[in-house]
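Engineer: no sequence for this one, just the structure:
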């Protein structure tokens with residue numbers, strides 16, 4: 001049985017001589033435990049638990065900011081479509097994608113329509 005130093009500070013610790021914890025009865029296979037959860041009882045817990053048990057696990061497409069798990073927004077456009085949008089849309093270029101004439105930007109503007117050639121922004 002492989003028992004880490006941090007096991008005794010975990011909620012899943014079995015306090016048994018026959019198994020280490022409820023999730024990993026025979027112990028973990030490496031130097032840290034991805035399922036570690038600090039014990040909810042008041043105990044003397046060392047400051048360097050992350051050295052023992054690794055960083056907090058997070059699912060793919062999400063990140064921790066403070067103690068809150070934030071999911072990354074789903075992307076509706078591919079990378080190529082986003083690059084084309086950055087290269088051509090008047091919001092980013094300040095120019096009409098058809099006639100290349102400058103479009104005056106107004107604060108809070110949603111639609112970018114060209115008065116010169118009649119191009120209409122229908123992206124919204």
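Structural biologist: Arrived safely, thanks for sending. Just so you know, these numbers come straight off a predicted model, no measurement behind them.

Engineer: mind listing the strands for this protein?
Structural biologist: Secondary structure of the chain (DSSP state E): strands at 62-65, 68-71.

Engineer: the last one: which residues count as buried?
Structural biologist: By neighbour count with 16 or more other C-beta atoms under 10 Å, strand 68-71 contains no buried residues. Placement of C-beta: from N, CA and C, glycine included.

Engineer: next: stretch 17-35.
Structural biologist: Neighbour-count burial for stretch 17-35, with 16+ other C-beta under 10 Å as criterion, is recorded at 20-21, 24, 28, 33.

Engineer: lowest-confidence stretch among the strands of the chain?
Structural biologist: Lowest mean pLDDT of these: strand 62-65, a mean of 80.

Engineer: correct me if wrong: residue 116 contacts residue 99.
Structural biologist: Yes - Residue 116 is within contact range of residue 99, at 5.4 Å (criterion: C-beta atoms under 8 Å).

Engineer: pLDDT value on residue 97, please?
Structural biologist: Looking at residue 97, its pLDDT reads 88.

Engineer: same check on residue 102?
Structural biologist: For residue 102, pLDDT reads 89.

Engineer: residues in contact with residue 116?
Structural biologist: Each residue near residue 116 by C-beta atoms under 8 Å, 6 or more residues apart in numbering is listed here: 96, 99, 101.

Engineer: where in this structure is pLDDT low?
Structural biologist: 1, 40-57, 123-124 (pLDDT under 70).

Engineer: can you pull out the helices in it?
Structural biologist: Under the criterion DSSP state H, the chain contains helices at 49-53, 79-88, 90-93.

Engineer: quick one, which of these gets closest to residue 64.
Structural biologist: Within these, the stretch nearest residue 64 is helix 49-53; the backing value is 12.3 Å (C-beta to C-beta).
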